[in-house]
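# Generate a structure from the sequence data that follows.
(one chain, ligands or ions: 2)
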Amino acid sequence: SQIKQIEFVKSSARARDCPKDHRPEFAILGRSNVGKSSLINALVRKKDVALTSKKPGKTQLINHFLVNKSWYIVDLPGYGFANAPESARMDWSSFTKGYFLNRDTLVAVLLLIDGSSPPQKIDLDCANWLGRNNIGMTFVFTKCDKTKGGKRTRPAENIEQFQELIRKHYPEPPPWIMTSSVTGMGRDELLLHMSQLRNY
Ligand code: GTP
Ligand code: MG
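Ligands and ions are numbered 1, 2, ... in the order given. The predicted model follows:
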């Protein structure tokens, strides 16, 4: 299930510009700055495959990366980024509709949630929107290395609270994995999980 090779294929502004070769793909979705691009780099064990930044709003297009010449991992712009300059802001509602509802080759969405913060309404809303539209997802909690802050940055407690809120909507909550792009926590587990979903 390891990534032996990865190549950037293209950036697309709209779903209809995305690659049309019907290979299976996983979309990386989550709030701006949650660590989407960093997770891709961690999975690949390289620093600079996907561009990252301390400033939210770094990723602005749908970026397709071809893995082992057989499947795609897709880096998406983050949602919930209110302070972007007008020119850099994107229309999230048309984007979500355009990409998620029309992408037949989507195997699952990896919904990234900051494990070092208490549950956020915008993440719960996103999970519920995907669920209502029958789009398969896996919760990937990021930044689980951040355990030294205060009470509010304890990943185990934040994740338990998030799951509790999710269970109100899903009797059987989606699979979930704790990760850190800094320590590599969860990397092998996530890669194995993705290979199982692809071979379903
Ligand atoms: P946008 O492209 O703006 O939507 O952001 P993104 O979700 O791609 O986030 P990105 O990967 O650029 O990371 C944002 C910041 O969080 C950077 O400063 C990263 O170094 C930091 N970061 C990402 N993952 C982790 C992690 O697992 N642990 C810690 N401690 N920091 C992380
Ligand atoms: Mg990014």
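
# Now do the same contact list for the most centrally placed residue in the chain.
In the chain, the centroid-proximal residue (Cα atoms, centre = their mean) is residue 28; its distance is 2.7 Å. Listed by Cβ atoms under 8 Å, 6 or more residues apart in numbering, the contact set of residue 28 reads 36, 39, 40, 73, 74, 75, 76, 110, 112. No exception for glycine: its C-beta is placed from N, CA and C like everyone else's.

# Quick check: the nearest residue to the fourth one once chain neighbours are set aside vs residue 40, distance?
Which is residue 73. Nearest residue to residue 73 in three dimensions, chain neighbours excluded: residue 65, at 4.9 Å (Cβ to Cβ, 6 or more residues apart in numbering). Separation of residue 65 from residue 40 (Cβ to Cβ, to the nearest Å): 7 Å.

# Any chance you could list what contacts the strand ranked longest in the chain?
The longest strand of the chain (DSSP state E) is strand 106-114. For strand 106-114, the surrounding residues in contact (Cβ under 8 Å, 6+ apart) are 24-31, 34-36, 39, 71, 100, 119-120, 123, 126-127, 130, 135-143, 158, 162, 174, 190, 194, 197-198, 200.

# near ligand 2 too, which of those?
residue 36 (Cβ under 5 Å from the ion).
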